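Enquirer: sharing a model that was predicted from the sequence below.
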4 protein chains.
Amino acid sequence: MCRQWGRAMPVPALSAEEIADLLHEVFPQAFYPGCGLSLVRVDCGDVRVRRTYHENTIRPGGTISGPTMMELADFAMYVAVFSAVGRQPLAVTTNLNINFLRRPGQADLIADARLLKVGKRLAVGEVTIYSEGADEPVAHVTSTYSIP
Amino acid sequence: MCRQWGRAMPVPALSAEEIADLLHEVFPQAFYPGCGLSLVRVDCGDVRVRRTYHENTIRPGGTISGPTMMELADFAMYVAVFSAVGRQPLAVTTNLNINFLRRPGQADLIADARLLKVGKRLAVGEVTIYSEGADEPVAHVTSTYSIP
Amino acid sequence: MCRQWGRAMPVPALSAEEIADLLHEVFPQAFYPGCGLSLVRVDCGDVRVRRTYHENTIRPGGTISGPTMMELADFAMYVAVFSAVGRQPLAVTTNLNINFLRRPGQADLIADARLLKVGKRLAVGEVTIYSEGADEPVAHVTSTYSIP
Amino acid sequence: MCRQWGRAMPVPALSAEEIADLLHEVFPQAFYPGCGLSLVRVDCGDVRVRRTYHENTIRPGGTISGPTMMELADFAMYVAVFSAVGRQPLAVTTNLNINFLRRPGQADLIADARLLKVGKRLAVGEVTIYSEGADEPVAHVTSTYSIP
């Protein structure tokens, strides 16, 4: 769990670098050099991740596909869970609900995940996805992870 | 729209072959020879699709990743929408809610999508995902598509 | 849990009468004579409940309000959980997702709940709500209950 | 729609008093003196509403029932839609997804609704519900309204 140590903001259970190392180790199919995913900021249960734009994520209409955004949201939640509860790679999604709000342009996607509850068995959070350079979110997600 | 023509079961607006051709044409990044996705059965607003097992879909714990199942569910809905309303490649997901029920083994995934409502502007459906060879579903999805 | 006893259909953990008695006992604010809710059929993890039409459930437009349908769906899931796992009145909803499909007329509502998974800690199910006399569903729900 | 008029914060399409009057007029079954629901603050697409505690909302375990929170969230969204698009009483919920996070005590509930998107046909928002006197939310909701 995050540690407070009398500070204004609690220290995350794992740092961005530690989470990146963990992902490389346990999930190399999804997180490898050149995969397009990166960790921008990691606070306790509150993280920002990024997905570099790649043309193979485009769907009919010239916008980024829904599954690309769902994958990014799920990744952001996974990182947020690590930031709050530490090394738990077997944490799994039990529910994810996404509302697509606006069609993203051909640009990087930025996802902000924030945990609303961290229980012993379940963590619930929300993720807001932005298209780089635009103010309004392109998608909003709520999700629950089961912690083993 | 599907046509009834006095038959017991309405004829889908597009056949499986027509939908596969449309997907190849408009969404070649997602649907190409060897992509692992295929159409098994297409009735009106009621379809079955399949995703061939591939080791790069495995996540920590040796099970198939959540985003793989979300992508398959979204694909199944897209095909179901075509089967009911015809050539509408600019139909887009507005909402998707998934519950992960059981961890799939290392096997093909089969997704059955069924539309619950086909309106002028929105189609709502549910998708049940199975792991080949197992009786109990591994995930259940409801989703809404916006039809332009 | 339901008992099979070599029968084609498993016997529910509690019968309709036992569940009605339990509800009267533990939840008299919601389930009392004249409340409008009743149990129509109880199989194992597969139940039908009914809500009698009452004019105070009408919302602008002359249709039955959304919260009326959400309450009915949650009630149907509660009954389905009892049918599958027995006397667990402290089971609580952790997630409920509802899609409103068509506007019900001024008639009774019928809700069919079916559990998709019954685990040690969580039960997941879906509920389809009908307006009496109409073939097409008016709402579709998925929901998760936590079992203490 | 809300009007900006060169101000820092846009003026809502309807004020709290205008919305309360509208609700009394069009939805007297739900919004009447003594109903327990009240409007605390109305900005453009960003509102706070309250539900006074009443013992008939208690469920087994001594906590407030899920349907009570779902009704409050739906009410908060309805008010938020009016604040953004004006007098549209025939706006209806098409989707609502709720995660229950913590069990509220026997106290008033406060719901903050914020619209994430206001389109021509759909408004999407999120609602966070608090139990008076507690810092952590008891439930989180996302919902879509269809605007006629």
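Expert: Arrived safely.
Enquirer: quick one: residues contacting residue A:55.
Expert: The contact partners of residue A:55, taken as Cβ atoms under 8 Å, 6 or more residues apart in numbering or on different chains, are A:106, B:29. Every residue, glycine included, has its C-beta placed from N, CA and C.
Enquirer: any weak-confidence spans in chain A?
Expert: Chain A contains residues with pLDDT under 70 at A:4-8.
Enquirer: ok, which residues in it are in contact with chain C?
Expert: Contact residues, chain A versus chain C (Cβ under 8 Å from any Cβ of the partner chain): A:94-95, A:97, A:121-122, A:144.
Enquirer: of those, which pair is most distant in space?
Expert: Spatially, the most separated pair among the residues of chain A next to chain C is A:97 and A:121, at 19.2 Å (Cβ to Cβ).
Enquirer: what is the closest residue to chain C within chain A paired to in the beta sheet?
Expert: Closest to chain C within chain A is residue A:95: 5.6 Å, counting by Cβ to the nearest Cβ. Per DSSP bridges, the residues bridged to residue A:95 are residue A:144, residue B:99.
Enquirer: more crowded one of residue A:97 and residue A:121?
Expert: Neighbour count, other Cβ atoms under 10 Å in any protein chain shown: between residue A:97 and residue A:121, residue A:97 has more, with 25 against 12.
Enquirer: could the residues of chain A next to chain C go into JSON lines alongside distance to residue C:66?
Expert: Putting the residues of chain A next to chain C into JSON lines (distance: Cβ to Cβ, whole Å) gives the following:
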{"residue": "A:94", "distance to residue C:66": "25"}
{"residue": "A:95", "distance to residue C:66": "21"}
{"residue": "A:97", "distance to residue C:66": "17"}
{"residue": "A:121", "distance to residue C:66": "30"}
{"residue": "A:122", "distance to residue C:66": "26"}
{"residue": "A:144", "distance to residue C:66": "23"}
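Enquirer: closest to chain B among those residues?
Expert: Nearest to chain B, judged by Cβ to the nearest Cβ, of those is residue A:97 at 4.3 Å.
Enquirer: ok, the most centrally placed residue in chain A - contacts?
Expert: Relative to the mean C-alpha position of chain A, the nearest C-alpha, by Cα atoms, centre = their mean, is the one of residue A:76, at 0.5 Å. Each residue near residue A:76 by Cβ under 8 Å, 6+ apart is listed here: A:47-49, A:111-113, A:127.
Enquirer: now do the helices in chain A.
Expert: Secondary structure of chain A (DSSP state H): helices at A:16-26, A:66-85.
Enquirer: looking at those, which is buried most?
Expert: Across the helices of chain A, averaging neighbours per residue (mean count of other Cβ atoms under 10 Å in any protein chain shown) puts helix A:66-85 on top, at a mean of 26.
Enquirer: angle of that one against helix A:16-26?
Expert: Orientation note: helix A:66-85 sits at an angle of 120 degrees relative to helix A:16-26 (axes from the mean of the first three to the mean of the last three Cα atoms, to 10 degrees).
Enquirer: can you get me the centre-to-centre distance for helix A:66-85 and its chain?
Expert: Counting by Cα atoms, centre = their mean, to the nearest Å, helix A:66-85 is centred 3 Å from the centre of its parent chain.
Enquirer: repeat for stretch A:128-146
Expert: Centroid separation for stretch A:128-146 versus its chain: 9 Å, with Cα atoms, centre = their mean.
Enquirer: for stretch A:104-119, same thing?
Expert: With Cα atoms, centre = their mean as the basis, stretch A:104-119 stands 5 Å off its chain's centre.
Enquirer: flag every buried residue along it.
Expert: The neighbour-count check on stretch A:104-119 (16 or more other Cβ atoms under 10 Å in any protein chain shown) flags A:104, A:108-118 as buried.
Enquirer: looking at the helices of chain A, which is nearest to residue C:30?
Expert: helix A:66-85 (34.0 Å).
Enquirer: how about the residues of chain A near chain D?
Expert: Chain A has residues A:95, A:97, A:99, A:101-102, A:116-117, A:124, A:126, A:136-137, A:140, A:142, A:144 near chain D, with proximity defined as Cβ under 8 Å from any Cβ.
Enquirer: now the buried members of these.
Expert: Neighbour-count burial (16+ other Cβ under 10 Å) is assigned, among the residues of chain A next to chain D, to A:95, A:97, A:99, A:101-102, A:116-117, A:124, A:126, A:137, A:140, A:142, A:144.
Enquirer: of those, which belong to strands?
Expert: Here DSSP state E is the test, and these give A:95, A:97, A:99, A:116-117, A:124, A:126, A:140, A:142, A:144 as lying in strands.
Enquirer: got those residues as JSON lines, with distance to residue B:60 columns?
Expert: Shown next, in JSON lines, are those (distance: Cβ to Cβ, whole Å):
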{"residue": "A:95", "distance to residue B:60": "19"}
{"residue": "A:97", "distance to residue B:60": "23"}
{"residue": "A:99", "distance to residue B:60": "28"}
{"residue": "A:116", "distance to residue B:60": "24"}
{"residue": "A:117", "distance to residue B:60": "23"}
{"residue": "A:124", "distance to residue B:60": "21"}
{"residue": "A:126", "distance to residue B:60": "23"}
{"residue": "A:140", "distance to residue B:60": "26"}
{"residue": "A:142", "distance to residue B:60": "23"}
{"residue": "A:144", "distance to residue B:60": "18"}
